[in-house]
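> Give me a 3D structure for the following:
(2 chains)
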There are 2 protein chains.
Amino acid sequence: MMNVPLRISTMMEHAERYFPKKEIVSRTSSGITRLTYKELAARTRRLTSSLVKLGVQKGDKVGTFAWNHHRHLESYFAIPGMGGVLHTINIRLAPNHISYIINHAEDKVLLIDEDLLPLIESIKDELNTVEAFIIMTDKHELPPTALQPVYHYEELLAQGDPSYPFLQDIDENDPAGMCYTSATTGNPKGVVYTHRSTVLHCMALGLADSAAISESDVLLPVVPMFHVNAWGLPYASVWFGTKLVLPGPMFTPKILLELIQEERVTFTAGVPTIWLGVLMELESGSYDTSSLRGVVCGGSAAPKSMIAAFAQKYNIPFLHAYGMTETSPLVALARLKSHELDLDQEAKLDIYAKQGYFVPCVEVKAIGKSGEIKWDGEEIGELLMRGPWIASEYYRDERTADAFRDGWLYTGDVVTIDEEGRIKIVDRVKDVIKSGGEWISSVDLENALMAHDAVFEAAVVAVPHPQWQERPIACVVLKESMQVDKEELYEFLKPQFAKWWLPDDILFLQEIPKTSVGKFLKQALREKVKETLETRA
Amino acid sequence: MMNVPLRISTMMEHAERYFPKKEIVSRTSSGITRLTYKELAARTRRLTSSLVKLGVQKGDKVGTFAWNHHRHLESYFAIPGMGGVLHTINIRLAPNHISYIINHAEDKVLLIDEDLLPLIESIKDELNTVEAFIIMTDKHELPPTALQPVYHYEELLAQGDPSYPFLQDIDENDPAGMCYTSATTGNPKGVVYTHRSTVLHCMALGLADSAAISESDVLLPVVPMFHVNAWGLPYASVWFGTKLVLPGPMFTPKILLELIQEERVTFTAGVPTIWLGVLMELESGSYDTSSLRGVVCGGSAAPKSMIAAFAQKYNIPFLHAYGMTETSPLVALARLKSHELDLDQEAKLDIYAKQGYFVPCVEVKAIGKSGEIKWDGEEIGELLMRGPWIASEYYRDERTADAFRDGWLYTGDVVTIDEEGRIKIVDRVKDVIKSGGEWISSVDLENALMAHDAVFEAAVVAVPHPQWQERPIACVVLKESMQVDKEELYEFLKPQFAKWWLPDDILFLQEIPKTSVGKFLKQALREKVKETLETRA
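Next up is the predicted model:
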């Protein structure tokens, strides 16, 4: 067989050959831009030639700091197209983390959205490797900026070559992109994608039983392009000739629903928070969403009630997907199998509430308290994965040793796997309570407590125990003007759990410490619980 | 990214993990066998272990001489699963070609269907490398045979290990399969498939815009499993958890239609001759074919009238596919693009009559009389292809130099490519007439002549010409009791072609020499024409 490498540039070449008239809709600060794949390809080639002219060389990292729009899409192809590495920078990171990752990746050039300039300007003195800043703006003039040297994106394109050839001399294992994922403690950790991993991952997105991205789709990636390549959707869309709708900066649920209605969007993807907002907007407004064949939800688990509302109230197929920065990200989808199509609504909802079963090429197993768990939907263990689009390391980072062992990625997610091969995430490894050789899911206990009428929120953490190694302690915040005592909560929990699962104590707190995005800060909570118990003792 | 090779055995592992209860329907000489993927996987592992016990080693070739049934399917996975090379032998080759390819491939073991035994017995003394014969039969006893040493397939399985692990130590570029394609002259030419090419080709079969093979499909591969891996469909079906229906030996159109009706087949694939027979059976019988979402037709071009009959009369979507042994085979499909969905029936039929546009990963160009042709549907040139599932050579064969040049496969097919990237095969390179620096399609002239009421068949060949290099001569066989003279045929052709396309002469023959499968033997015809013209001169 021919030794033809899998290369990202062939995707753009495929689009310009077979789908030149297909349209991309891009929302920027000044409104809606429409361009065809033919135009997009010419602009991409112009950018490629301009990057080469600026001195970017094969293997150099080029950072992007931008929303979802056509210019960002052009950089997705232009940078790997000349052998560079596309480093998509998460605009929501703390400034010290942003400067850390730019320096750590050694970005040579940065492409920056005009409205995000102040963020980069605020850290410019910390940047050690950046040699040029390119501003992406709809305006003819560059905004005043202290960044130097600075270029106007459209001016560079105007000077570029619209038929510049993409670099052929690329090995499929050459780096093509990178993305940093935030860590519980310390600096973000970098993951490097290759041409091979990106192309194979896109093929998985195109499979009929996966996301089935098609030329006939109209795809709206709400997931940011600075987050794991917007789950690979921009690459897959271009390759398969899909009409792309890019929602641009500072969109609202209303803007998303208007785009869905006006562009007849068939497929969209984002995190639960987005869909919660969209659901609320659907309740208040009146939108035609009949074009939608799928709303993919990933990043964290969507509540069952939300899945039900989309599917049953608005007839919008709502699909859990599972993955992480380290896995490109798609590894599992909550699709029904054909023998499940006749199940009743409630049984289907139970399936949709899980994270799904795995796509081809991805191997999995889960390691519990005593080795590999049974696929019975009961045993719990940490999920391990292996596959051609799964990272083998963190970029120049000693934390590699924790997560990548014996050829497997240790995900840190604690799951059950049912007989159909579907996983359900029940906890994080660091939060699971190891008691007497068994594992207790903190999340299961929390969900049970939060189902009580008087409970506003609940978090369960482990405390060390001389005999059992660890035991669970529950922390509960009550709803305003609601009352419930410890005994009642125990009575409420007892029918639902084995006796040894029940928390050793239930503490009533005023609040539970949280991260900036609202997740429980379990480490801080563990210390608080320790203090409380010590004070009491 | 992890260095995880693409391996065929992971497809079977995927099926046994995620689709253990899914059924395979296999028609053998004694009736219908049903087994699940769980059972199929266990039987496959048993065969793998038995082959190892028989002494088959990594890299050894194992030949199969069999129809489409579950045992052949098991060998598809068991042989590459232990590092062997599956050599599917075309049972329709001439005996001297069969012994040639077994010797040339150096097959160590042969798996043979009971009813095909006489063919192998007749050449047994010519076989130089075969060390064991395994007979695939439903009967408990081995049939009497002169082959030695001989084994009973089911006995080997009974002694095998149902949980035998597939070989992990396989590089994705290791050989996994081989298939010989018949040549115009001389011995058949071998093509070797790798694990990588097979897996990537299967991913292409699963893409939503390609064959879209899905878990929800019921797939009937009519194309023989001894012909280019039945177009990759057995591999893709197992990987994606598709219910497979294998039609077994000596099927008829009636048997196929009954299988389609009873098993609710959604997707099937075969050559035009098969579909012509099925069409005739549809006319005479009464079958429920409403489950069909696609009938794929490849191997040679289907007549427009047949496509129309399937699509319009029976509402069965009929899809041209294009490929060859050298291309695994799928490279193009005649799917509509979304902007073509509203075209009228006739315009759609024109699209369906072409061979289609190319799937991802396949690069093409066509070289005409003066370099690369324009994609205008008018210029004609030889189709060249490049891609990860396209061969780079014929196995140990000096004819490699003719077909594989500068990293491209020269297909020998002369095509036009239209603005949508769709090819239409207009001739074979060796049959096209090179006249005065221009190319004249023999096939176009033949089709035009055969459209005349009095013409039964027509073949056009080149004769050498001192000034123009080559000129076309038409050979015509008239229908019984029909008369037409040369002048009338010229008048009939004139409005349809440029003047220089018109044949220099039209000869009336009693018959046109043909191959055993009914194709024109143009080389023999050229000699006949030469003789005729010389006799006359």
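
> Could you look up the SS state of A:Ala311?
At A:Ala311, secondary structure determined by DSSP: H, G, I helix; E, B strand; the rest coil is helix.

> ok, it - contacts?
If you count contacts by Cβ atoms under 8 Å, 6 or more residues apart in numbering or on different chains, A:Ala311 has them with A:317-318, A:349, A:352. All C-beta atoms are positioned from the backbone trio N, CA, C, and that covers glycine.

> which pair in those residues spans the largest distance?
Greatest spatial distance in the contacts of A:Ala311: A:Pro317 and A:Leu349, 12.5 Å, computed using Cβ to Cβ.

> Quick check: which ranges of chain A have low pLDDT?
Chain A contains residues with pLDDT under 70 at A:516-517.

> Okay, domains of it per the record?
The record's domain parsing of chain A by automatic domain parsing lists A:9-20+A:32-193, A:360-428, A:433-536.

> Turn those domains into TSV, columns for distance to B:Asp397 and mean neighbour count.
Formatted as TSV, these follow (distance: least, Cβ to Cβ, whole Å; neighbours: other Cβ atoms under 10 Å in any protein chain shown):
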stretch	distance to B:Asp397	mean neighbour count
domain A:9-20+A:32-193	28	20
domain A:360-428	32	19
domain A:433-536	60	16
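
> Distance to B:Lys530 added to these, as JSON lines?
Shown next, in JSON lines, are those (distance: least, Cβ to Cβ, whole Å):
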{"stretch": "domain A:9-20+A:32-193", "distance to B:Lys530": "43"}
{"stretch": "domain A:360-428", "distance to B:Lys530": "56"}
{"stretch": "domain A:433-536", "distance to B:Lys530": "83"}
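
> mind checking which of those domains is nearest A:Val199?
domain A:9-20+A:32-193 (7.3 Å).

> what about that closest one, start to end distance?
Distance between the boundary residues of domain A:9-20+A:32-193 (Cα to Cα, to the nearest Å) amounts to 15 Å.

> Ok, stretch A:303-322 next?
Stretch A:303-322 end-to-end distance (Cα to Cα) = 14 Å.

> now do stretch A:8-28
Using Cα to Cα, the end-to-end distance of stretch A:8-28 comes to 25 Å.

> So is it next to chain B?
Yes. On the criterion Cβ under 8 Å from any Cβ of the partner chain, stretch A:8-28 is in touch with chain B at A:10-11, A:13-14, A:17-19, A:21.

> Relative to B:Lys424, which of those is nearest.
Ranked by distance to B:Lys424 (Cβ to Cβ), the residues of stretch A:8-28 next to chain B are led by A:Tyr18 at 15.7 Å.

> In contact with the closest one, which residues?
Residues in contact with A:Tyr18 (Cβ under 8 Å, 6+ apart) are A:241, B:357-358, B:420-421.

> Keep only those of those that are in strands.
Judged by DSSP state E, strands contain the following of the contacts of A:Tyr18: B:357-358.

> Show me which pair in the contacts of A:Tyr18 is furthest apart.
A:Gly241 and B:Phe358 (11.8 Å).

> Show me where the stretch 401-537 of chain A has its helices.
With helices called from DSSP state H, counting those that start in this stretch, the stretch 401-537 of chain A shows them at A:442-450, A:486-493, A:522-536.

> what residue is smack in the middle of chain A?
A:Gly299 (4.7 Å; Cα atoms, centre = their mean).

> In a helix, it, correct?
No. Looking at A:Gly299 with three-state DSSP, it is coil, so not inside a helix.

> still on that earlier bit, which one among the contacts of A:Tyr18 gets closest to A:Gly277?
Distances from A:Gly277 to the contacts of A:Tyr18, taken as Cβ to Cβ, are shortest for A:Gly241 (30.3 Å).

> For the closest residue to that closest one other than its chain neighbours, which residues are in contact?
Leaving aside its chain neighbours, A:Gly241 sits nearest to A:Phe19 (3.3 Å; criterion: Cβ to Cβ, 6 or more residues apart in numbering or on different chains). Applying Cβ under 8 Å, 6+ apart, we find A:Phe19 in contact with A:37, A:215, A:241, B:337.

> Just the ones in helices from the residues you listed, please.
If you go by DSSP state H, these have A:Tyr37 in helices.

> Now do A:Val25 against chain B, distance only.
15 Å (Cβ to the nearest Cβ, to the nearest Å).

> residues contacting A:Gln159?
A:Gln159 neighbours (Cβ under 8 Å, 6+ apart): A:46, A:50, A:53.

> picking up where we left off before, of the helices of the stretch 401-537 of chain A, which is nearest chain B?
Closest approach to chain B among those is made by helix A:442-450 (25.3 Å; Cβ to the nearest Cβ).

> Which other helices and strands does that closest one contact?
Secondary-structure packing of helix A:442-450 (3 or more Cβ pairs under 8 Å, 6 or more residues apart in numbering or on different chains; DSSP states H and E): strand A:423-428, strand A:455-465, strand A:469-478, helix A:486-493.

> May I have that helix exported as PDB, CA atoms only?
The C-alpha trace of helix A:442-450 is given here as PDB (Å, rounded to 0.1, in the frame of the first residue of the first chain):
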ATOM      1  CA  SER A 442     -19.200  10.600  46.600                       C
ATOM      2  CA  VAL A 443     -21.300  11.800  43.700                       C
ATOM      3  CA  ASP A 444     -24.000   9.100  44.300                       C
ATOM      4  CA  LEU A 445     -24.300  10.200  47.900                       C
ATOM      5  CA  GLU A 446     -24.400  13.800  47.000                       C
ATOM      6  CA  ASN A 447     -27.100  13.300  44.400                       C
ATOM      7  CA  ALA A 448     -29.200  11.300  46.900                       C
ATOM      8  CA  LEU A 449     -28.900  14.100  49.500                       C
ATOM      9  CA  MET A 450     -29.600  16.800  47.000                       C
END
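
> chain center to it: distance?
24 Å (Cα atoms, centre = their mean, to the nearest Å).

> Let me know the angle separating it from strand A:455-465.
Put simply, helix A:442-450 runs at 140 degrees to strand A:455-465, going by axes from the mean of the first three to the mean of the last three Cα atoms, to 10 degrees.
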